[in-house]
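In: after the sequence you'll find the predicted model.
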Amino acid sequence: GESVGLHLPTLSVQEGDNSIINCAYSNSASDYFIWYKQESGKGPQFIIDIRSNMDKRQGQRVTVLLNKTVKHLSLQIAATQPGDSAVYFCAENQGPPGRRALTFGSGTRLQVQP
Amino acid sequence: KAGVTQTPRYLIKTRGQQVTLSCSPISGHRSVSWYQQTPGQGLQFLFEYFSETQRNKGNFPGRFSGRQFSNSRSEMNVSTLELGDSALYLCASSFGQGGTEAFFGQGTRLTVV
């Protein structure tokens, strides 16, 4: 299996339901965020990103919501499918200009029940 | 368009040895960042190379080093391997510096015995 946290929070949903994965970020100065999906044995896969001048962005079956007031990010997956089962990470881009890097959350495991 | 390619996929090394990992970024991308992923620490930033220069460095000992070539390919080296260096090493490629729109490779699984 993949190297992910052994005690990840897990979200279990039924196939066809909508999923909401939450993430609290640490730095109020962070201005760019990415959601990644990581399947067992694979590297993180870019899902969607959002800049801090937006509070919502939509992709195919996914929506990211950003609440800067409470430093909270969420990923909504519509009509969840078994192929969506994976670990999901949020990442924030932080650091002084010229030395910015992604800092990752600990991840949430999404289990989709058929 | 080819994605990020990391080689090798798997490595087994003995304590005290050194290892070199390779990353070829997406064509046109000039930034390569390296991350270590372990069950205990999650994904941690090692360093970023942009236009052949190290632009940023995470909190890892000097045993971890890297370089980037003129074609943007990057290598990462770990010397005097320790058991705790066993991890999945990931590289991420992006056009600009600093982690925006970063795409990851499949990783190199390093096991130190």
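Out: Received it, and whenever you're ready, just let me know what you need.
In: now for the strand or helix carrying B:Q6, which elements pack on it?
Out: Per DSSP states H and E: B:Q6 is located in strand B:5-7. In terms of contacts (3 or more C-beta pairs under 8 Å, 6 or more residues apart in numbering or on different chains; DSSP states H and E), strand B:5-7 is packed against strand B:19-24, strand B:87-94. Quick note: C-beta positions are derived from backbone N, CA and C, even for glycine.
In: and those, which is most packed in?
Out: Stretch with highest mean neighbour count among the helices and strands packed on strand B:5-7: strand B:87-94 (a mean of 25; mean count of other C-beta atoms under 10 Å in any protein chain shown).
In: what parts of chain A come near chain B?
Out: A:2-6, A:32, A:34, A:36, A:42-46, A:49, A:89, A:91, A:93, A:95, A:98-107 (C-beta under 8 Å from any C-beta of the partner chain).
In: what about the residue nearest to B:K57 when sequence neighbours are not counted, how many residues nearby?
Out: Spatial nearest neighbour of B:K57, chain neighbours left out: B:F47 (4.6 Å); criterion: C-beta to C-beta, 6 or more residues apart in numbering or on different chains. Using other C-beta atoms under 10 Å in any protein chain shown, B:F47 has 21 other residues around it.
In: surely B:F47 touches B:S31?
Out: No - between B:F47 and B:S31 there is no contact under C-beta atoms under 8 Å: 11.1 Å.
In: could you list which residues are in contact with the closest residue to B:F69 other than its chain neighbours?
Out: Among residues not flanking B:F69 along the chain, B:E52 sits closest, at 6.9 Å (C-beta to C-beta, 6+ apart). Neighbouring residues of B:E52 by C-beta atoms under 8 Å, 6 or more residues apart in numbering or on different chains: B:R67, B:Q68, B:F69, B:S70.
In: just the buried subset of those residues, written out for ChimeraX, thanks.
Out: Buried residues within these, as defined by 16 or more other C-beta atoms under 10 Å in any protein chain shown, are selected in ChimeraX through the command that follows:
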select /B:68
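In: counting only strands, which of the contacts of B:E52 make the cut?
Out: Among these, DSSP state E puts B:R67, B:Q68 in strands.
In: in JSON lines: the contacts of B:E52, plus pLDDT.
Out: Shown next, in JSON lines, are the contacts of B:E52 (pLDDT from 0 to 100):
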{"residue": "B:R67", "pLDDT": "98"}
{"residue": "B:Q68", "pLDDT": "98"}
{"residue": "B:F69", "pLDDT": "98"}
{"residue": "B:S70", "pLDDT": "97"}
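In: quick check, nearest of the contacts of B:E52 to chain A?
Out: The closest of those to chain A turns out to be B:Q68 (C-beta to the nearest C-beta; 15.6 Å).
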